[in-house]
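S.K.: 3D model of this:
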Amino acid sequence: MEKKNKILFIIFIVIFIFLFISVKTGLIQSIDNRLYEGIKSWKNETGMVIFKMITDLGGIVSLFCITLVTVLILFLGKKRKAGVAVTVNLIISTISYIGFKNIIQRPRPPVQERLIEETGYSFPSGHSTNNMAFYVLAIVLLYPKIKNKKLRNSLCVILASIPLLIGFSRVYLGVHYISDILAGFSLGIICVILFMSFGYPKIK
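M.R.: Model (predicted):
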């Protein structure tokens, strides 16, 4: 693992472990509740429609379709290794968040506060984990290929904004706490770092 990847890995693993312990012991629940209540005061009909569309964009069905189209384009463009990387990375992030959900078994926010129906455990957010892993990997793979600096930077900002908006939408719609989202982001980035350090070189 390269030095910069080691530093990033340590940073995000520390964040994830801190959130993991804080949620498991209940230390962060009061902070989560206050932030949850604060965001609840912003809710309105327009926001609900917008963030419902955003959260659907990051759902398992939508992300599967996006991944499938991406992989097909890569394979048709004879970028098979990148296509395999996108697929394997998503599988790793999915297995990771499902595993931690079943270890922590944190209940979601109260049903009466939710604007959409959702089942399963709350920590970490699967939407946040999978989308962060998918779009961060997209940035990692695309960044060195795009020579135009403005286009490259603009694309990175757009790709980085998508998982952030999806994560926020989960709290806005009342199905996750902030710590669930932050843990999902951290776990997604950890998955990408580990995959690019150990899995991708073997695929190449």
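S.K.: what residues does the one helix or strand in the chain whose mean pLDDT sits lowest touch?
M.R.: Least confident helix or strand, the chain: helix 200-203 with a mean of 72, by mean pLDDT, DSSP states H and E. Helix 200-203 is touched from outside by 81, 84-85, 88, with contacts defined as C-beta atoms under 8 Å, 6 or more residues apart in numbering. C-betas here are computed from N, CA, C, even on glycine.
S.K.: so for that helix, what gets flagged as buried?
M.R.: Tyr200 (16 or more other C-beta atoms under 10 Å).
S.K.: that older thread, just the buried ones from the contacts of helix 200-203?
M.R.: Among the contacts of helix 200-203, those that count as buried by neighbour count (16+ other C-beta under 10 Å) are 84-85.
S.K.: in JSON lines: the contacts of helix 200-203, plus pLDDT.
M.R.: Formatted as JSON lines, these follow (pLDDT from 0 to 100):
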{"residue": "Lys81", "pLDDT": "85"}
{"residue": "Val84", "pLDDT": "88"}
{"residue": "Ala85", "pLDDT": "88"}
{"residue": "Val88", "pLDDT": "91"}
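S.K.: can you tell me which of the contacts of helix 200-203 are in helices?
M.R.: 81, 84-85, 88 (DSSP state H).
S.K.: which element is Leu123 on?
M.R.: Rather than Leu, residue 123 is Phe. Phe123 belongs to no helix or strand when elements are defined using DSSP states H and E.
S.K.: tell me which residues touch it, please.
M.R.: Listed by C-beta under 8 Å, 6+ apart, the contact partners of Phe123 are 19-20, 23, 100-101, 104, 106, 177, 179-180, 183.
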